[in-house]
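Novice: generate a structure from the sequence data that follows.
(2 chains)
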Amino acid sequence: MAYRKRQYALLADEELISLVGEGDAEAFALLYDRHSRAAYSLAYRMMGEKQAAEDLLQDALLKVWRGAGSYRAERGSARTWILSIVHNRGIDQLRTLASRRRTQDRVEASAPRSQPSDAFSEAWRNSQRDQVREALGTLPPEQLKILELAYFSGYTHVEISELLGVPLGTVKGRMRLGLKKIKDYFDSEGVAVPR
Amino acid sequence: MNHERFDELKDAYVLGALPEEERRELEEYLAQHPERQAEVDELGAFAGLLALSPQEHEPSPELRQSIMSVVESEARSFAGSDPRFAGLRELFSLQNLALAGAALLVIGLFSWNILLQGEIRDLQGRVANLQETPQSRMVALEGTGDAPQQGHAEVMILDDDRAVLMAEDMPRAPEGRTYQIWVIEGDVPKPGGLFEPRGESVAAVVEKPLDEGDVIAVTIEPAGGSQQPTTDPLMTAKL
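Specialist: Take a look at the predicted model:
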């Protein structure tokens, strides 16, 4: 068993996912250890509290376990795929909840912002996160806010338009410019996009 | 949806900010214009960077324990589900171990790899025998919509009501979506497994035993699958 564990530790995420697709719990455990922290951090950011974040993570990771056969390496890294499942499940859950957190967002959204959100003022643990932070730091606050409301809080573009009291076309424009600015950052720095 | 509308909505799509109706509209467009999938994938990669931005939190050890207890329990039932598929699973598992074996070659475990190759050949023979088993029968799935059917699929039913779905030339599922098999008993659809076309053909074990009169259906579902179908079937077959 210990010998196999050492073998598995040599495998790339994509190879582990392939094993998970064949029902290998040990391979799943290793994937969990590699990515649960990032996945939980995203879940926590979306749900805003521990219990809901843990419920979301459990729901999403069991989908990873049961749906590993649907992973396609050519469409992105295993980490990106796992985080996208957490994100999609989180959005589903947020949209079925009339939660207090959304009300809180509504209040926050009405206040003018001149600084990036708290999430981006924390210490960053590694260089990839530093790069992402720096890229997001290049966004004007009004663009960043719209990306956050969409991505983390699960609002649709129409809801964001109502929430912020700006035309729908403006919301779409800010989304487009915000994403373009992130792309431009990585293009101009010649830095590989974290996968 | 036309090209202009697609361009207008694609940013909200990758951020997950489209209402359900517009999301489906955009995914239908993508299914008809697969040449634009790469554009959405690239944009999605930049949107996905937001997932790396939150302050880090550590999940509790109890959560790991809870998830792993479900996983290990399901893995045990998966392993015990059908002894004949154990050969298939073992084959795939050994192929992956062969990848690790390649790494071990570097440090000199050459003979272990040779042994694996022998086992793989043996298991490949067993898989071929399984495919030729006289008790199996094939049932073709038929498209359900007015649009021309893309690709085709058949179900190979083995002698103890287990089945394997084999699909050919099917288009990739849109980003964040997957093909899901359903076994419909009476009017009740039950999840029968997920699959993703890779290259020209794909095979997936139907995860539920089949009975005469059941209907097999395939839908497109959100990545990870659904407990109930959320879209109309692309193709079906009555057994």
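
Novice: show me where the chain dips below the pLDDT cut-off.
Specialist: Going with chain A. Scanning chain A for pLDDT under 70 picks out the ranges A:1-6, A:98-127, A:189-195.

Novice: nope, chain B please
Specialist: Checking chain B against pLDDT under 70 turns up B:78-136, B:145-149, B:159-160, B:198-200.

Novice: spatially central, which residue of it would that be?
Specialist: Taking Cα atoms, centre = their mean as the criterion, residue B:195 is the residue nearest the geometric centre of chain B, at 1.9 Å.

Novice: element containing the residue nearest to it when sequence neighbours are not counted?
Specialist: Distance criterion Cβ to Cβ, 6 or more residues apart in numbering or on different chains; nearest residue to residue B:195, sequence neighbours excluded, is residue B:204 at 3.7 Å. Placement of C-beta: from N, CA and C, glycine included. Using DSSP states H and E, residue B:204 maps to strand B:201-206.

Novice: name the helices or strands packed onto that strand?
Specialist: Packing partners of strand B:201-206 (3 or more Cβ pairs under 8 Å, 6 or more residues apart in numbering or on different chains; DSSP states H and E): strand B:163-168, strand B:177-185, strand B:188-195.

Novice: any idea how far residue B:204 lies from residue A:55?
Specialist: 29 Å (Cβ to Cβ, to the nearest Å).

Novice: pick out the residue of chain B closest to chain A.
Specialist: Residue nearest to chain A within chain B: residue B:224 (3.1 Å; Cβ to the nearest Cβ).

Novice: neighbours of that residue, how many?
Specialist: The number of residues packed near residue B:224 is 26, by other Cβ atoms under 10 Å in any protein chain shown.

Novice: contact partners for it?
Specialist: A:60, A:63-64, A:66-67, A:70, A:85, A:88-89, B:178, B:194 (Cβ atoms under 8 Å, 6 or more residues apart in numbering or on different chains).

Novice: likewise for residue B:24?
Specialist: Contacts for residue B:24 (Cβ under 8 Å, 6+ apart) come out as residue B:231.

Novice: could you say which helix or strand holds it?
Specialist: Taking DSSP H and E as the definition, one finds residue B:24 inside helix B:20-32.

Novice: could you give the angle of that helix to strand B:177-185?
Specialist: Compare the direction of helix B:20-32 with that of strand B:177-185 by axes from the mean of the first three to the mean of the last three Cα atoms, to 10 degrees and you get 100 degrees.

Novice: is chain A contacted by whatever helix or strand comes next after helix B:20-32?
Specialist: Helices and strands here follow DSSP H and E; after helix B:20-32, the next one along the chain is helix B:37-48. Yes - Helix B:37-48 reaches chain A (Cβ under 8 Å from any Cβ of the partner chain) through B:41, B:43-48.

Novice: can I get the residues you listed in CSV including neighbour count?
Specialist: Shown next, in CSV, are those (neighbours: other Cβ atoms under 10 Å in any protein chain shown):
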residue, neighbour count
B:41, 14
B:43, 21
B:44, 22
B:45, 20
B:46, 22
B:47, 25
B:48, 24
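
Novice: between those residues, which is nearest residue A:153?
Specialist: Nearest to residue A:153, judged by Cβ to Cβ, of the residues of helix B:37-48 next to chain A is residue B:47 at 14.3 Å.

Novice: residue contacts, the residue lying closest to residue B:18 once chain neighbours are set aside?
Specialist: Counting by Cβ to Cβ, 6+ apart, residue B:18 lies nearest to residue B:12, which is 5.0 Å off, once chain neighbours are set aside. Taking Cβ under 8 Å, 6+ apart, we find residue B:12 in contact with A:150, A:156-157, A:172, A:175, B:18, B:22.

Novice: residue B:153 sits in which helix or strand?
Specialist: Applying DSSP H and E, one finds residue B:153 within strand B:152-157.

Novice: list of residues touching that strand?
Specialist: B:131, B:136-141, B:163-170, B:206, B:210, B:216, B:218, B:235, B:237, B:239.

Novice: rerun at 7 Å
Specialist: Applying Cβ atoms under 7 Å, 6 or more residues apart in numbering or on different chains, the contact partners of strand B:152-157 are B:136-141, B:163-169, B:206, B:210, B:216, B:218, B:235, B:237.

Novice: and residue A:139, how far from chain B?
Specialist: The gap separating residue A:139 from chain B is 11 Å, by Cβ to the nearest Cβ, to the nearest Å.

Novice: sec struct for that residue, please.
Specialist: coil (DSSP: H, G, I helix; E, B strand; the rest coil).

Novice: make sure it is actually in contact with residue A:178.
Specialist: Yes - Residue A:139 lies in contact with residue A:178 (Cβ atoms under 7 Å); the separation is 5.4 Å.

Novice: okay, those two: which has more neighbours?
Specialist: Regarding residue A:139 and residue A:178, a neighbour count based on other Cβ under 10 Å identifies residue A:178 as having more, with 27 against 22.

Novice: now the more buried one: closest residue in space, sequence neighbours ignored.
Specialist: Among residues not flanking residue A:178 along the chain, residue A:143 sits closest, at 3.8 Å (Cβ to Cβ, 6+ apart).

Novice: same check on residue A:147?
Specialist: According to Cβ to Cβ, 6+ apart, the nearest residue to residue A:147 is residue A:178 (4.8 Å).
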